[in-house]
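Engineer: what's the 3D shape of this:
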Amino acid sequence: MLSNFQKAIIGSIQIHHLGFFQRPELSRVIADPDGIIANLEQAGITNYSRRLETFGLAASDTTTQGVMLIGMDPQREGLVTELEKRIGIGRFLQPEDDYSLVVGATTASNLQVKLGDEIIIIGYDRYGAMVAESFTLVGIITSGEMGLDSGMAITSLSTLQEMVDLPEQITTIVISAEEKQIPSLVDDLNQSLQGESLEIMPWYTMFPVMKEWVTLHNGFLYLFIGVVLFIVLAGEMNTMLLSMLERTREFGVLMAIGTTRYQVASMLLVEAVLIGAIGITLGILLGYSIILVTSIIGIDLTILLGSTSRFYVDPLIYPHLKLDNLGITVGTILLASVLAGIYPAWRASLLQPVEAIRNG
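Structural biologist: Numbering: from 1, shown residues only. A predicted model of the protein is given here:
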């Protein structure tokens, strides 16, 4: 969901003039975009794109609708988003396009337009004067995702710059980055661009509701994992305890011939770890086999979930194995195995040799 959310249109990090995100006005363009881009490239950041954003009124022959008008760089937009893949009808913008437009399916339906139709966009230029231009519809977004299918119109950056009389000016720089690198990258950009009257905003600052949603989901996930680990712990402890009780006579004989209580307890702890290790090995082999197959054919959850595209989730899931998560799980299971063996080991260490042999 996080990946789809960022790759849909917003990217991982956005740079604006200070206050632009709350009040997107053309007077708040980025003062020195070339200098900022040079700073990004010097820092090794190459996955970026430029945009110009404003509001407008889209009009067809029959009706009108307010839209967020975005001018994108067709050559670099693919480095930060996968918007082109969301085009279900027609195509995405090309560098040579002049006054071409891409809209969402809901917007196209509201305006009652199809590919090749003319759409008039009415807006304001940099001086506040009203402007109107004719655009040709070349693509329709059919992803169903919130924010894409309705209320958005996309054209090329150069076209929108010409329309609003802002040559070479932009309002937004969008950056794509790995999720775990975003916080450190934001800190580095804040330091390197300090004093430039800019706001460097990660996705979770722009859309905190999505972050809270993910946090809540992770909370339920950790609770579920906790319940599973408790079941594992209880099951292995029960196995170890029954095994210890069934071998009471053997433990008594071992103690009678000189085996210390510490050695008996250590024996059971080692046995618990071995049971955990064997279970982990078999579990990894079985789990990886399932992941290997389902990563190719997918797991279709449409019957259970219905349409989930508006939540940036594809109901056809393709699992993949994350080694860091696997390491945490393996360590946790081994710890649970040790804990499961402590009580049976302690019980065995308290056995009296004569009573153990007699009652075993």
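Engineer: and Y99, what does it touch?
Structural biologist: For Y99, the contacting residues are 133-136, 155, 159, by C-beta atoms under 8 Å, 6 or more residues apart in numbering. (Each C-beta comes from the backbone N, C-alpha and C, glycine too.)
Engineer: Now intersect those residues with the strands, please.
Structural biologist: 133-136, 155 (DSSP state E).
Engineer: Please indicate which of those residues are buried?
Structural biologist: The neighbour-count test (16 or more other C-beta atoms under 10 Å) applied to the ones in strands among the contacts of Y99 identifies 133, 135, 155 as buried.
Engineer: got the contact list for the last one?
Structural biologist: The contact partners of T155, by C-beta under 8 Å, 6+ apart, come to 69-72, 93, 97, 99-102, 121, 135.
Engineer: Out of those residues, which sit inside strands?
Structural biologist: Those of the contacts of T155 lying in strands (DSSP E): 69-72, 100-102, 121, 135.
Engineer: what's the farthest-apart pair in the residues you listed?
Structural biologist: Among the ones in strands among the contacts of T155, the pair separated by the greatest distance (C-beta to C-beta) is M72 and I121, at 14.8 Å.
Engineer: The two: which is more packed in?
Structural biologist: Taking other C-beta atoms under 10 Å, M72 and I121 do not tie; M72 has more neighbours (27 against 22).
Engineer: Go ahead and confirm that one touches R51.
Structural biologist: Yes - using C-beta atoms under 8 Å, M72 is in contact with R51, at 5.6 Å.
Engineer: in a strand, that's where F55 is, yeah?
Structural biologist: Yes - assigned with DSSP: H, G, I helix; E, B strand; the rest coil, F55 falls within a strand.
Engineer: circling back to that earlier point, same list (the ones in strands among the contacts of Y99) but as CSV, adding distance to L18.
Structural biologist: Shown next, in CSV, are the ones in strands among the contacts of Y99 (distance: C-beta to C-beta, whole Å):
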residue, distance to L18
E133, 29
S134, 35
F135, 31
T136, 36
T155, 26
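Engineer: which of those lies closest to F224?
Structural biologist: T155 (45.6 Å).
Engineer: Can you check the pLDDT for the closest one?
Structural biologist: At T155, the predicted lDDT confidence score is 97.
Engineer: Run through the strands of the protein in chain order.
Structural biologist: Here the chain has its strands, by DSSP E, at 13-17, 48-59, 64-72, 87-90, 100-104, 118-124, 130-141, 152-156, 172-175, 198-202, 299-300, 316-317.
Engineer: where does the stretch 101-250 of the chain have low pLDDT?
Structural biologist: Along the stretch 101-250 of the chain, segments meeting pLDDT under 70 span 144, 146-147.
Engineer: do that again at 80, thanks
Structural biologist: 143-148, 195 (pLDDT under 80).
Engineer: winner for burial among the strands of the chain?
Structural biologist: Burial of those is given as mean neighbour count (mean count of other C-beta atoms under 10 Å); strand 100-104 ranks first at a mean of 26.
Engineer: Can you list the strands that that strand pairs with?
Structural biologist: Here strand 100-104 is paired, per DSSP bridges, with strand 130-141 (parallel), strand 152-156 (antiparallel).
Engineer: how distant is the shortest one from the center of its chain?
Structural biologist: It refers to strand 152-156. 25 Å (C-alpha atoms, centre = their mean, to the nearest Å).
Engineer: do stretch 59-71 as well
Structural biologist: 31 Å.
Engineer: ditto for stretch 347-360
Structural biologist: Centre-to-centre, stretch 347-360 and its host chain are 56 Å apart (C-alpha atoms, centre = their mean).
Engineer: Which positions in it come out as buried?
Structural biologist: Under the neighbour-count criterion of 16+ other C-beta under 10 Å, stretch 347-360 has 347-349, 351, 356-357 buried.
Engineer: and of those residues, the nearest to V113?
Structural biologist: Nearest to V113 among these is R347, at 77.6 Å by C-beta to C-beta.
Engineer: Touching, that closest one and S243? I think so.
Structural biologist: No - counting by C-beta under 8 Å, S243 is not a contact partner of R347; they are 11.3 Å apart.
Engineer: wait, what's in contact with L334?
Structural biologist: Taking C-beta under 8 Å, 6+ apart, one finds 273, 276-277, 280 in contact with L334.
Engineer: 7 Å - rerun?
Structural biologist: Contact analysis of L334 by C-beta atoms under 7 Å, 6 or more residues apart in numbering lists 273, 276.
Engineer: Also V273?
Structural biologist: 334, 337-338.
Engineer: Recalculate using a threshold of 6 Å.
Structural biologist: For V273, the contact set (C-beta atoms under 6 Å, 6 or more residues apart in numbering) comprises S337.
Engineer: Do you know the pLDDT at it?
Structural biologist: If you check V273, the pLDDT there is 90.
Engineer: buried stuff in stretch 183-198?
Structural biologist: Neighbour-count burial for stretch 183-198 [16+ other C-beta under 10 Å]: 185-186, 189, 193, 196, 198.
Engineer: Same check on stretch 4-13?
Structural biologist: Those would be 5-13, for stretch 4-13 by 16+ other C-beta under 10 Å.
Engineer: from the residues you listed, which is closest to G56?
Structural biologist: I9 (17.0 Å).
Engineer: Mind picking the two most distant members of the buried residues of stretch 4-13?
Structural biologist: Pairwise distances across the buried residues of stretch 4-13 (C-beta to C-beta) peak at 14.9 Å, for the pair A8 and I13.
Engineer: if I look at the spatially closest residue to E118 that is not a sequence neighbour, how far off is D98?
Structural biologist: What sits nearest to E118 in space, not counting adjacent residues and going by C-beta to C-beta, 6 or more residues apart in numbering, is S134, at 5.5 Å. Distance, S134 to D98, by C-beta to C-beta, to the nearest Å: 11 Å.
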